[in-house]
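J.: just a sequence and a predicted model for now, questions to come.
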Amino acid sequence: MNWIKFSEQLPPDNGTTIIIAVKNKNKDDGIILYDICEYYGGDIDDCRNWEGRTTWEDPLYWCHIEEPK
């Protein structure tokens, strides 16, 4: 998978299912959490622009879901 930084490129805003990586701010080690969700454009911090997202930390990276090879 090719991870893309949110600061460099936003995911497609058409509801494509993607994986996002966030850093948990409540843990000293800043554990990375992953979420499978859909982004519909706009402010990435606005929960109304996402479907299926369960983590609400600042998103760092995203990638397309690829078929196993």
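T.: Sure, I can see it. Residues are numbered from 1 along each chain as shown.

J.: what about the nearest residue to residue 15 once chain neighbours are set aside, which helix or strand?
T.: Once flanking residues are discounted, residue 15 sits nearest to residue 38: 4.6 Å by Cβ to Cβ, 6 or more residues apart in numbering. Yep, even glycine has a C-beta here, placed from its N, CA and C like the rest. Per DSSP states H and E, residue 38 falls inside strand 32-39.

J.: try residue 61
T.: Counting by DSSP H and E, residue 61 is found in strand 59-64.

J.: what lies in contact with that strand?
T.: Strand 59-64 is contacted by residues 1-6, 11, 16, 18-23, 39, 44 when judged by Cβ atoms under 8 Å, 6 or more residues apart in numbering.

J.: which neighbours in the sheet does it have, and how are they oriented?
T.: Strands that pair with strand 59-64, judged by DSSP bridges, come out as strand 4-5 (antiparallel), strand 17-23 (antiparallel).

J.: what is the mean pLDDT for it?
T.: Per-residue pLDDT over strand 59-64 has a mean of 95.

J.: ok, stretch 43-53 next?
T.: 92.

J.: and stretch 8-17, C-alpha only, in CSV?
T.: The C-alpha coordinates for stretch 8-17 follow below in CSV (Å, rounded to 0.1, in the frame of the first residue of the first chain):
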residue,chain,number,x,y,z
GLU,A,8,0.1,16.7,0.7
GLN,A,9,-3.1,15.3,-0.8
LEU,A,10,-6.6,14.8,0.4
PRO,A,11,-8.4,11.6,-0.4
PRO,A,12,-11.1,11.4,-3.1
ASP,A,13,-14.2,13.2,-1.9
ASN,A,14,-16.7,10.9,-3.6
GLY,A,15,-17.1,8.4,-0.7
THR,A,16,-14.4,6.0,-1.8
THR,A,17,-13.6,3.6,1.0
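
J.: show residues contacting it.
T.: 4, 18, 20, 36-42, 44, 51-52, 62, 64-65.

J.: show me what counts as buried in it.
T.: Using 16 or more other Cβ atoms under 10 Å as the test for burial, stretch 8-17 gives residue 11.
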